[in-house]
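Chemist: coords please:
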Amino acid sequence: MTALMVVLGVIVFLMLYIIIIYNRLVKLKNRFKNAFAQIDVQLRRRYDLIPNLVEAAKAYLKHEQDTLTHVIEARNQAMAAMKQASAHPDDGKAIKALAGAEGLLGGAMLNFNALTEAYPDLKADQTMAQLSEELASTENRVGFARQAYNDEVMVYNTQRETFPDTLFTGMMGFKEAALFEVKNPEVKERLNVSF
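Modeler: I've put the predicted structure just below:
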């Protein structure tokens, strides 16, 4: 009878411990999903600003349609990747696709900014100055949100890889979360928008 009680006690203890592990991982997963939602808000703000910026520059950059078109196409690709990542922030492939699209958008914006430097009238335009200031502020917010997300992902991944949690994470469906890392080295830093 005592042996049966000990076995039942061990089984109950194991079940409680597995429940604790599961709940802790759910909590950490929800934290990094929330952190991604903050990135989503800031990126959507940036995606909304970019067409306004391009539209304001069109009058001055009539001969530079390729650059303007490239910026809008890169923005649209990034928006599509963002929709996919927003729907599944725990899908590492979606996050990596978003990071790649953001790298392309960042490169397009760097080309756009370099081009606008050659047009003093455009730099002096009040609308361009205001939009550029809003975009620079948004870029800072994106950077802070990305850092917070990556910190939460690191905590989650560390927890799921620690013993004894690692024994159960696979069977519980807790996959590794991907960091949001921009691949273009020129874009890793905040975009410097000045007009």
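Chemist: okay, CA-based contacts and neighbour counts for the rest of this
Modeler: OK.
Chemist: Longest helix of the chain, counting residues only.
Modeler: For the chain, the helix with the greatest residue count under DSSP state H is helix 2-58.
Chemist: Can you list the helices and strands that it packs against?
Modeler: helix 65-87, helix 126-161 (3 or more Cα pairs under 8 Å, 6 or more residues apart in numbering; DSSP states H and E).
Chemist: which sections of this structure are below the confidence cut-off?
Modeler: Along the chain, segments meeting pLDDT under 70 span 184-195.
Chemist: Now with 80, please.
Modeler: Applying pLDDT under 80 to the chain flags the ranges 59-63, 119-124, 183-195.
Chemist: if we can go back for a sec, mind checking which of the helices and strands packed on helix 2-58 is nearest V7?
Modeler: Proximity to V7 (Cα to Cα) singles out helix 126-161 among the helices and strands packed on helix 2-58, at 27.5 Å.
Chemist: May I see the buried residues of that closest one?
Modeler: Buried residues in helix 126-161, counted by 16 or more other Cα atoms under 10 Å: 128-129, 131-143, 145-150, 152-157, 159-160.
Chemist: Which residues does whatever helix or strand comes next after that helix contact?
Modeler: Heading C-terminal from helix 126-161, the first helix or strand you meet, by DSSP states H and E, is helix 166-172. By Cα atoms under 8 Å, 6 or more residues apart in numbering, the surrounding residues in contact with helix 166-172 are I18, Y22, R160, K175.
Chemist: 7 Å instead?
Modeler: Contacts to helix 166-172, defined as Cα atoms under 7 Å, 6 or more residues apart in numbering, come from residues R160.
Chemist: Please consider this matter closed, and thank you.
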